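K.L.:
got a structure for you, letters missing:
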């Protein structure tokens, strides 16, 4: 069985400081891992994805994530937060062999303090 | 530009009425999905379709129905049997193979009173 856990429901940082959003996963197979961002009343937008190539994945808007198999983690980071980063972030696990086996984390709300 | 269009953005209905939410994509994706999102919660899968004229129930299919008569279209009907239909509904599509990211529409917010 596969699952995904986002360890923080809410993270608040000051503008210009680093962002860390934590995600742990469980999968019996080699998973594909994704981070999506959702702004209020909008759909989800893909930030980045890991599909067994490089373990450090760079995404849009300065975000990146590192796949650590030994820790079963896929944490999302950004060196310097911007006010426009305030949104909901979802970590997603997908079973590689099937597009229908997609598991969403419960989301982390990121707030940015001026 | 390719993408997914959901309409309408806001929808209001009286209790007991069926309502249909539209989802159209021009990405030539085989797979399409409907998710429900409630405040402070993640996404829950209602139905998905991997090919025209075929679809499968997701985790919370009760009170919903879908059709997939065309590759581009995957409408969702919220029936009067759905006990708590007020929610934000998201449609998505992807290439039908594992590891493919989902592409989302901007959602329809349904309010039933």
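P.N.:
Ah, there it is. Worth saying up front: this structure is predicted, and the values here are computed from it rather than measured.

K.L.:
pLDDT wise, what is the residue in chain A positioned nearest to chain B at?
P.N.:
Chain A approaches chain B most closely through residue A:43 (3.4 Å), counting by Cβ to the nearest Cβ. To be clear about C-beta, it is placed using only N, CA and C from the backbone, and glycine gets the same treatment. Residue A:43 is assigned 93 on the pLDDT scale.

K.L.:
which residues does it contact?
P.N.:
When contacts are counted by Cβ atoms under 8 Å, 6 or more residues apart in numbering or on different chains, residue A:43 is found next to B:4, B:6, B:90, B:92, B:104, B:105, B:106, B:107.

K.L.:
one more time with 7 Å, if that's ok
P.N.:
For residue A:43, the contact set (Cβ atoms under 7 Å, 6 or more residues apart in numbering or on different chains) comprises B:90, B:104, B:105, B:106, B:107.

K.L.:
Likewise for residue B:13?
P.N.:
With contacts defined as Cβ under 7 Å, 6+ apart, the neighbours of residue B:13 are B:19, B:112.

K.L.:
one step back: out of the contacts of residue A:43, which is nearest to chain A?
P.N.:
residue B:104 (3.4 Å).

K.L.:
I'd assumed residue A:44 was in contact with the closest one.
P.N.:
Yes. Between residue B:104 and residue A:44 there is a contact under Cβ atoms under 7 Å: 4.6 Å.

K.L.:
give me every residue that touches residue B:21.
P.N.:
Contact partners of residue B:21, counting by Cβ under 7 Å, 6+ apart, are B:6, B:75, B:76, B:89, B:108.

K.L.:
Mind checking what secondary structure the fourth one has?
P.N.:
Translated: residue B:89. Put simply, residue B:89 is strand when judged by DSSP: H, G, I helix; E, B strand; the rest coil.

K.L.:
And the pLDDT at it?
P.N.:
With respect to pLDDT, residue B:89 has a value of 97.

K.L.:
is it in a bridge, and if so with what?
P.N.:
Residue B:89 has these beta-bridge partners by DSSP bridges: residue B:36, residue B:108.

K.L.:
mind checking how far it is from chain A?
P.N.:
Using Cβ to the nearest Cβ, to the nearest Å, residue B:89 is found at 10 Å from chain A.

K.L.:
Chain A versus the residue most central in space within chain B, what's the distance?
P.N.:
Centroid-nearest residue in chain B, with Cα atoms, centre = their mean: residue B:34, separated by 2.9 Å. As for residue B:34, its distance to chain A is 12 Å (criterion: Cβ to the nearest Cβ).

K.L.:
Pretty sure residue B:93 is one of the things that residue touches, is it not?
P.N.:
No. Residue B:34 is not in contact with residue B:93 according to Cβ under 7 Å; the separation is 10.6 Å.

K.L.:
so who does residue A:51 touch?
P.N.:
A:32, B:99.

K.L.:
next one: residue B:86
P.N.:
Contact partners of residue B:86, counting by Cβ under 7 Å, 6+ apart, are B:110, B:111, B:112.

K.L.:
can you redo the residues you listed as CSV with pLDDT?
P.N.:
Shown next, in CSV, are these (pLDDT from 0 to 100):
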residue, pLDDT
B:110, 96
B:111, 95
B:112, 93
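
K.L.:
can you pick the most crowded of those residues?
P.N.:
Counting neighbours by other Cβ atoms under 10 Å in any protein chain shown, residue B:110 comes out on top of these with 21 neighbours.

K.L.:
Brilliant, that's me finished.
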